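Peer 1: Based on what follows, work out the 3D shape:
(one chain, ligands or ions: 3)
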Amino acid sequence: MGICSSKASKKPNPFALPEELKEEEDLSVPTKSPINGVDHHQNQEPEQKQNSDKKTEDKDEEKGVGKFSTLFPFYSPSPAHSLFSKKSPALSGNSTPRKFFKKPFPPPSPAKHIQALLARRHGTAKTNESNLLPEAGSGLDKSFGFSKNFSSKYELGEAIGRGHFGHTCSAKCKKGELKGKQVAVKVIPKAKMTTVIAIEDVRREVKLLRALTGHKNLVQFYDAFEDQENVYIVMELCEGGELLDKILSRGGKFTEDDGKAVMVQILNVVAFFHLQGVVHRDLKPENFLFATKDENSQLKAIDFGLSDFVKPDERLNDIVGSAYYVAPEVLHRSYSTEADVWSIGVIAYILLCGSRPFWARTESGIFRAVLKADLSFDESPWPSISSEAKDFVKRLLNKDARKRMTAAQALSHPWIRNCTEVKLPLDILIFRVMRSYMRSSALRKAALRALSKTLTVDELFYLKEQFALLEPNKNGCIGLENIKLALTKNSTDAMKESRVHDYLASLNALQYRRMDFEEFSAAAVSVHQLEALDRWEQHARAAYEVFEKDGNRAILIEELASELGLSPSVPVHAVLHDWLRHTDGKLSFLGFVKLLHGVSSRTIPSKAQ
Ligand SMILES: Nc1ncnc2c1ncn2[C@@H]1O[C@H](COP(=O)(O)OP(=O)(O)OP(=O)(O)O)[C@@H](O)[C@H]1O
Ligand SMILES: [Ca+2]
Ligand SMILES: [Ca+2]
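Peer 2: Ligands and ions are numbered 1, 2, ... in the order given. Just a heads-up that it's a prediction; the model follows:
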């Protein structure tokens, strides 16, 4: 587990960290620091840090959490926790601290944001980009256009939570529709917004909350206000505390069944974000709250402070998030929604075993582990955890983003599907893969058709559900209208921003014809994801046999090169030599697999896919 089991890379180091991520800072928790060992605010200015630590300490002592903290030296409970829970959760946990020390890594604690991100946000990054730096004087435009009458509408109550960027209070609504209702208010001081980026982040946080509405696992946004000092984000009050607190209160981990119940909710809401073209970028147990103190309370995603809109074919490049949860491709500065799924994988791993999968004492050590370390399920309690659960985690934590399951696919994974009645959400991936199919040559389509004929029940389950969500007509066919309708049904304002609808133009060919399930499964099957399976080789061989019967044909090297989008500068004969069978000029197995992948922007220099 962790870096101990990492394999040394043989090639010229593909895992090298970008320069700005190389700073060494000990992130580990001093074991003799009972209460303020790790907190949410380690990156705050010294004065604020002192204050916030002190606040935590006071509260903890009030609740007798000091005692708890010596048992769990890594953990500093959130203020929300001490407010809502009557007794310290750790005391109700059934694990002994000894058990914790036996673990290879310490149990999870509140995660810090990546230092490079904070440096950019606070304008202390070593950069010449002028928009990152605080403008001379106080020339920053800190007006947001929000209502100004916060205090006439709400009466602020006590602090219930604290993060790096703001603190959250309970409040009572004094008038209007919500009159008498208790709400949560995230208060973000304008004094902390010292760069254009920091201001834009707050603007976007509110924009996203406003746009994304109507999912049961998303905190409900009510309104945003501002005055000279602060921005106030008013939302539904979640009284059940953070998921992190719940994990720790259960002795660091969940049973598989309880873990599943949490996972289903997280995956559902994240699949919803992704369909809307939103990437959260800060998924971690601190950012999921239980709506009530009830055992079966619903989980709600919060904190869109680092979230962004992303078009279906866009890649983001800013390094954002919290170190323990950050995906490898984020560190490589080219990522999209799959990065959230990685973070969910880290959460799933923690839920099931109580430790973080990628742990080190320093931030750069964590990054190296994220990039290099193999997942291992050798340590306790993994040997007693079901193989389906391990497969589930493995497929979320695939370092190759293209091979990672999507959130919607994860909901159809046997570990989840076999026990829980889950209604699958529409998966944005389907449209990406279909687009590539629509643009493919007849030969590639034939190869995909052969592949789709070899899919197993598990793989077909997901495709059948996706097809059903597109509501085929009486003849069992879909066209462009079905896709448009399905998207419109699921659309929020966020979808407009992320231009998901524009993307449909690329499926225009469907306007004039229909697709039955057989063709859909060829169009929507993701080769990269099948490739991640242990049985991929057998799978591909079986598909090749089908292709041999009704798809393979003799093809000239030049024709194949153009089919694959190889630029004329590529020495095609040398590259494609093994892709054709010398006896009859038809595709070899290798050629067939290459064709399945289609044009790859990684290996082929010209023509985007
Ligand atoms: N709707 C809510 N109901 C109850 N508590 C909340 C709510 N929203 C936030 N909190 C509490 O306040 C804390 C901080 O909120 P939030 O995560 O939005 O702030 P932040 O400054 O962006 O945090 P971070 O440091 O993770 O970026 C949460 O972890 C949670 O404990
Ligand atoms: Ca947070
Ligand atoms: Ca945040």
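Peer 1: Find the nearest non-adjacent residue to residue 244, please.
Peer 2: Nearest non-adjacent residue to residue 244, counting by Cβ to Cβ, 6 or more residues apart in numbering: residue 285, 3.8 Å away. Glycine gets a C-beta too; all of them are placed from N, C-alpha and C.
Peer 1: State whether that neighbour and residue 347 are indeed in contact, as I suppose.
Peer 2: Yes: in terms of Cβ atoms under 8 Å, residue 285 counts as a neighbour of residue 347; the distance is 5.9 Å.
Peer 1: okay, those two: which has more neighbours?
Peer 2: A side-by-side neighbour count of residue 285 and residue 347, using other Cβ atoms under 10 Å, places residue 347 first with 28 against 23.
Peer 1: How much space separates that one from ligand 1?
Peer 2: Residue 347 sits 14 Å away from ligand 1, going by Cβ to the nearest ligand atom, to the nearest Å.
Peer 1: secondary structure element for that residue?
Peer 2: In this structure, residue 347 is located in helix 338-353 according to DSSP states H and E.
Peer 1: Assign a three-state SS to whatever residue of the stretch 351-500 of the chain ends up closest to ligand 2, would you?
Peer 2: Going by Cβ to the ion, ligand 2 is nearest to residue 356 of the stretch 351-500 of the chain, at 17.1 Å. At residue 356 the chain is in coil, as set by DSSP: H, G, I helix; E, B strand; the rest coil.
Peer 1: contacting residues for it?
Peer 2: Each residue near residue 356 by Cβ atoms under 8 Å, 6 or more residues apart in numbering is listed here: 105, 108, 324, 346, 349, 350.
Peer 1: what helix or strand does residue 446 sit in?
Peer 2: helix 442-452.
Peer 1: which residues sit against that helix?
Peer 2: Under Cβ under 8 Å, 6+ apart, the answer for helix 442-452 is 437, 440, 518-519, 521-523, 525, 527, 530, 539-540, 543-544, 546-547, 550-551, 553, 555, 563, 587, 592, 595-596, 598.
Peer 1: list the buried ones in that helix?
Peer 2: Neighbour counts using 16 or more other Cβ atoms under 10 Å place 443, 444, 445, 446, 447, 448, 449, 450, 451, 452 of helix 442-452 among the buried residues.
Peer 1: picking up where we left off before, okay, the residue nearest to residue 244: pLDDT?
Peer 2: Residue 285 is assigned a predicted lDDT (pLDDT) of 96.
Peer 1: wait, what's in contact with it?
Peer 2: Counted by Cβ under 8 Å, 6+ apart, residue 285 has contacts 108, 242, 243, 244, 247, 347, 350.
Peer 1: Near ligand 2, which residues of the stretch 101-250 of the chain? Just list them.
Peer 2: Residues of the stretch 101-250 of the chain lying close to ligand 2 (Cβ under 5 Å from the ion) are residue 163.
Peer 1: which residues in the stretch 101-250 of the chain form helices?
Peer 2: Taking DSSP state H, counting those that start in this stretch, the helices of the stretch 101-250 of the chain run over residues 115-122, 150-153, 196-211, 243-249.
Peer 1: returning to what we had before: point out the least confident one among the contacts of residue 356.
Peer 2: Among those, residue 105 has the lowest pLDDT, at 67.
Peer 1: So for residue 485, what's the pLDDT?
Peer 2: At residue 485, the pLDDT recorded in the model is 91.
Peer 1: meant to ask about residue 378
Peer 2: Looking at residue 378, its pLDDT is 90.
Peer 1: Please apply the same query to the one 3 residues further on.
Peer 2: On the pLDDT scale, residue 381 is placed at 92.
Peer 1: Equivalent analysis for residue 440, please.
Peer 2: Note for residue 440: predicted pLDDT of 89.
Peer 1: On the three-state scheme, it is what?
Peer 2: Following three-state DSSP, residue 440 is assigned to coil.
Peer 1: all numbers from here: first residue = 603
Peer 2: Sure, I'll start counting at 603 from here, so that last one is residue 1042.
Peer 1: Tell me which residues touch it, please.
Peer 2: Neighbours of residue 1042 in contact, by Cβ under 8 Å, 6+ apart: 1050, 1200.
Peer 1: That one and residue 1111: what is the separation?
Peer 2: The gap separating residue 1042 from residue 1111 is 11 Å, by Cβ to Cβ, to the nearest Å.
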